[in-house]
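Fold the following, please.
(one chain, ligands or ions: 1)
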Amino acid sequence: MAPMRVTIIGTGYVGLTTGTALAYFGHEVTFVDKNPEIVERLRAGVPTIHEAGLAEIMEAGRCSSVFRTDIPELSGTGVVMIAVGTPSKRNGDADLSFVDAAATEVADLVQPGARLVVVNKSTVPVGSARHVEGIISRRLAARGVEAEVHVASNPEFLAEGRAVLDTLYPDRIVIGTESPIATGLLRELYAPILEQTFEPPPGSPRPERYELPPLITTTPTSAELTKYAANSFLATKISFINEFSVLAEKVGADITEVARAIGLDQRIGPRFLQAGIGWGGSCFGKDTAAVLALGSAYDYDLQLVRSAVEVNRRQRMFVVDKLQQQLKVLRGTTIGLLGLAFKGNTDDMRDSPALTLVQELHERGAVLRVHDPVAMPSAKRHFPDLPVEYADDEVQLACGCDAVVVVTDWDQYRRLPLERMAAAMRGRLVLDARNLLQRQSVTAAGLDYVGIGR
Ligand code: UDX
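Residues are numbered from 1 along each chain as shown. All right, here's what the predicted structure looks like:
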């Protein structure tokens, strides 16, 4: 593989993980982030996000990585990846101001004779590739610079908590561009992944029976819509099983058994059928809102997506109501929440169901104690006014609690010290909002078990 020069703008989950993998393969990667503290930490080899296997692969690719706060001059042949944030605007639409700023800066730094592929890696609305192309070509014309700049949409499908694995061993790579040169250069860039020619890094082994990922080449618009369709579908799949979890309770079925039975149908598949408190995180809420906004711009109502969002909202409230049903009066009770992160293996709390629980239960007068294996520092930093008491471990959390709720699917919560927790609690209720625990082990510790849809 001939090493390529790559500039990554934005070192969030997508930028940092993708760039780190590319550096590991031997490409020369320059990471750019406006925040000097982030750059400082990355230079010191300290990951700025909590991801399994990231520190190892960063270390291994250290010699091929440069970290800086500004974009360098762009000359010769190379790839520039825009991986900045695209927060939601009020109407749900994605806010492109960071993308626009990055594209403008890139255009100002392109040197005469350069041959570049500029890649939209961030999740961006339909039409963004053309939008970025327009910004760059107008700027180059104004500067009187002759250069070849090809734009492509290359959406990222990594999930937090398994970002390194998803990057090294993806299900597919999607490239949307009108330019055969862009396709060619990106195919070269991703050759180590497409052909799996790299040695798996420590901590991120190649999954058994992993097959080479297909490269899907398509138009920018189809690539952009693919990302929204994928996330909308996954969010809908979860809302589907959650909708059935409520019905399962009413008729006396067990949703975990129903999910297993339908998941074995190859047309349905077993993943994303875990019923619980509903989805959260930085993507599903933002992307479903963006897709609804896109539909309404065309006077088209995406009924399924809208319902998936509504079912998700209702599911969070279902957990709150369940707690109220069990404890009757919430005011004056002490409730312990196990988990703050929106899912296990991450310290990310964006749109976490835990935040909804804290807000609703606090409003109803409950005193809240929380524990999370990794997210507590990030909670204290990002949500300094959260009305909660932090506990160092699960037993301390249980101390004086009328109920304990499993909110995040951390693996370590599967093995809770239930007897010691039971001894520390004031009440007996364990509400398992992730269906993580075995009813028997909870009742054997003298506690009452309530799950979701079982
Ligand atoms: C998601 C997509 O999976 C990923 O492809 C995309 O690039 C970004 O958005 P992420 O938000 O990191 O990734 O996490 P994911 O594993 O998809 O989980 C999202 C939410 O759904 C979490 O709150 C999780 O707990 C919940 N979930 C997931 C369920 O409630 N049930 C399930 O069966 C699966």
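
From residue 278, how far out is residue 284?
In this view, residue 284 and residue 278 are 9 Å apart by CB to CB, to the nearest Å. (C-beta placed from N, C-alpha, C; glycine too.)

what do the two both touch?
residue 312 (CB atoms under 8 Å, 6 or more residues apart in numbering).

Which pLDDT value belongs to the residue lying farthest from the centre of the chain?
For the chain, the residue at maximal distance from the C-alpha centroid (CA atoms, centre = their mean) is residue 144, at 40.6 Å. At residue 144, the model reports a pLDDT of 98.

Check residue 191 too.
Per-residue confidence (pLDDT) for residue 191: 98.

so what's the residue lying closest to it once chain neighbours are set aside up against?
With sequence-adjacent residues excluded and distances taken as CB to CB, 6 or more residues apart in numbering, residue 191 is closest to residue 1, at 5.7 Å. By CB under 8 Å, 6+ apart, the contact set of residue 1 is 25, 26, 188, 191, 192, 197.

how close does residue 1 sit to residue 250?
57 Å.

In the helix ranked longest in the chain, which residues are buried?
When the chain is parsed with DSSP state H, its longest helix is helix 220-251. Across helix 220-251, burial judged by 16 or more other CB atoms under 10 Å covers 220, 223-228, 230-232, 234-246, 248-249.

Near the ligand, list only the ones from these.
Subset of these in contact with the ligand: 231, 234, 238, counting by CB under 6 Å from any ligand atom.

May I see these arranged in TSV, with pLDDT and distance to residue 395 as well?
What follows is those, written out as TSV (pLDDT from 0 to 100; distance: CB to CB, whole Å):
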residue	pLDDT	distance to residue 395
231	98	38
234	98	35
238	98	31
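
Could you list the contact residues of the stretch 51-200 of the chain toward the ligand?
Checking the stretch 51-200 of the chain against the ligand by CB under 6 Å from any ligand atom, the hits are 156, 157, 158, 159, 160.

can you map out the strands along the stretch 201-350 of the chain?
For the stretch 201-350 of the chain, the strands defined by DSSP state E, counting those that start in this stretch occupy 215-218, 334-338.

Give the buried residues for the shortest one.
Along strand 215-218, the positions that meet the burial threshold by neighbour count (16+ other CB under 10 Å) are 215, 217.

which secondary structure elements does that strand contact?
Strand 215-218 sits against strand 173-176, with contacts defined as 3 or more CB pairs under 8 Å, 6 or more residues apart in numbering; DSSP states H and E.

pLDDT averaged over the strand it packs on, what's the number?
Mean pLDDT, computed over strand 173-176, is 98.

Please enumerate residues in contact with the next helix or strand after that strand?
Next helix or strand after strand 173-176 toward the C-terminus (DSSP states H and E): helix 180-189. Outside helix 180-189, the residues within contact range by CB under 8 Å, 6+ apart are 1-2, 4, 6, 22, 27, 77, 79, 115, 117, 119, 148, 150-152, 154, 175, 177, 194, 215, 217.

And the helices in the stretch 251-400 of the chain, which stretches?
255-263, 284-297, 303-327, 353-363, 376-382, 394-398 (DSSP state H, counting those that start in this stretch).

Let me know the pLDDT of residue 32.
At residue 32, the model reports a pLDDT of 98.

tell me the domain ranges of this protein?
Split into domains by automatic domain parsing, the chain comes to 5-218, 251-454.

hang on, the earlier thing: list only buried entries from the contacts of residue 1.
The neighbour count (16+ other CB under 10 Å) marks 25, 26, 191, 192 as buried among these.

Look up how far residue 195 lies from the nearest residue to the second one once chain neighbours are set aside.
Residue nearest to residue 26 in three dimensions, not counting chain neighbours: residue 3, with 5.1 Å by CB to CB, 6+ apart. According to CB to CB, residue 3 stands 16 Å off from residue 195.

same thing with residue 260?
Residue 260 is 36 Å from residue 195, by CB to CB.

So residue 78: helix, strand or coil?
Secondary structure, DSSP: H, G, I helix; E, B strand; the rest coil: residue 78 is strand.

In contact with it: list those residues for me.
Going by CB under 8 Å, 6+ apart, the list of residues near residue 78 reads 4, 5, 6, 7, 114, 115, 116, 117.

Kindly recompute the last result at 10 Å.
4-7, 27-28, 30, 114-118, 185, 189 (CB atoms under 10 Å, 6 or more residues apart in numbering).

Repeat that for residue 334.
Residue 334 makes contact with 366-369, 389, 398-404, 425-427, according to CB under 10 Å, 6+ apart.

tell me, how many neighbours does the closest residue to the ligand within the stretch 351-454 of the chain end up with?
In the stretch 351-454 of the chain, no residue comes nearer to the ligand than residue 409, which is 6.0 Å away by CB to the nearest ligand atom. Neighbourhood size, residue 409 [other CB atoms under 10 Å]: 21.

In this structure, where is pLDDT below threshold?
Under the criterion pLDDT under 70, no range of the chain is flagged.

repeat that with 90
For the chain, applying pLDDT under 90 flags the ranges 1, 123.

show me the contacts for the residue farthest from the centre of the chain.
By CB under 10 Å, 6+ apart, the residues touching residue 144 are residue 112.

distance of it from the ligand?
39 Å (CB to the nearest ligand atom, to the nearest Å).

Can you report phi and psi for that residue?
When read as degrees, to the nearest 10, the backbone of residue 144 gives phi 70, psi 30.

what's the answer for residue 8, then?
Phi and psi for residue 8, reported as degrees, to the nearest 10, are phi -110, psi 120.

Quick check: which element contains the closest residue to it other than its chain neighbours?
Excluding the flanking residues, the one nearest residue 8 by CB to CB, 6+ apart is residue 19, at 3.9 Å. Under the criterion of DSSP H and E, residue 19 resides in helix 13-25.

For whichever helix or strand comes after that helix, enumerate the helices and strands it packs against.
Downstream of helix 13-25, the first helix or strand assigned by DSSP H and E is strand 28-32. Helices and strands touching strand 28-32, by 3 or more CB pairs under 10 Å, 6 or more residues apart in numbering; DSSP states H and E, are strand 5-9, helix 13-25, helix 36-43, strand 65-68, strand 77-82, helix 97-109.

which one of these is the most hemmed in?
Highest mean neighbour count among the helices and strands packed on strand 28-32 (mean count of other CB atoms under 10 Å): helix 13-25, with a mean of 26.

and that helix with strand 5-9, angle?
160 degrees (axes from the mean of the first three to the mean of the last three CA atoms, to 10 degrees).

thinking again about what came up before, name the helices or strands packed onto the helix holding residue 19?
Taking 3+ CB pairs under 10 Å, 6+ apart as the contact cut, helix 13-25 packs with strand 5-9, strand 28-32, helix 36-43, helix 54-60, strand 65-68, strand 77-82, helix 163-168, helix 191-195.
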